[in-house]
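**Student:** Turn this into a model:
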Amino acid sequence: MSFKATHELHRRRLGRNLGLGLVLAAFVALVFGLSMVKIAALIRESAQHEAES
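**Tutor:** Numbering: from 1, shown residues only. Next comes the predicted model:
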């Protein structure tokens with residue numbers, strides 16, 4: 001039993017899919033990081049405001 005060689009079209013599609021997946025993962029990480037920074041700033045601001053009261 002032998003396996004057929006991968007066609008060039010499939011190799012190119014795999015490369016494109018991997019690249020797109022990496023770009024998507026980077027975008028998700030960026031949005032997540034920005035959200036965490038914003039939430040941390042809001043918590044810090046709230047804690048300072050309560051300490052002043």
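
**Student:** what bits of the protein have low per-residue confidence?
**Tutor:** 1-3, 53 (pLDDT under 70).

**Student:** At which residues are the helices of it located?
**Tutor:** Applying DSSP state H to the chain gives helices spanning 8-52.

**Student:** Residue 44 - how many residues pack around it?
**Tutor:** Look at residue 44: counted by other C-beta atoms under 10 Å, it has 10 neighbours. Heads up, the C-betas are built off the backbone N, CA and C, glycines and all.

**Student:** my bad, residue 26
**Tutor:** By the criterion of other C-beta under 10 Å, residue 26 has 10 neighbours.

**Student:** same check, this time on the one 5 residues further on
**Tutor:** Residue neighbour count, defined by other C-beta under 10 Å, stands at 10 for residue 31.

**Student:** Check the gap between it and residue 16 for me.
**Tutor:** Look at residue 31 and residue 16: by C-beta to C-beta, to the nearest Å, they are 23 Å apart.

**Student:** what do you get for residue 39?
**Tutor:** The value you get for residue 39 to residue 16, if C-beta to C-beta is used, is 35 Å.

**Student:** And for residue 41?
**Tutor:** 38 Å.

**Student:** repeat for residue 4
**Tutor:** 21 Å.

**Student:** Which one's more surrounded, the two?
**Tutor:** Between residue 4 and residue 16, residue 16 has the larger neighbour count (other C-beta under 10 Å), namely 10 against 5.

**Student:** residue contacts, that one?
**Tutor:** Counting by C-beta atoms under 8 Å, 6 or more residues apart in numbering, residue 16 makes contact with nothing.

**Student:** What is the neighbour count of residue 52?
**Tutor:** When neighbours are defined as other C-beta under 10 Å, residue 52 has 6 of them.

**Student:** what's the answer for residue 24, then?
**Tutor:** For residue 24, using other C-beta under 10 Å, the count is 10.

**Student:** what do you get for residue 20?
**Tutor:** Neighbours of residue 20 (other C-beta under 10 Å): 10.

**Student:** cool, residue 14 as well?
**Tutor:** Each residue near residue 14 was counted by other C-beta under 10 Å, and the total is 11.
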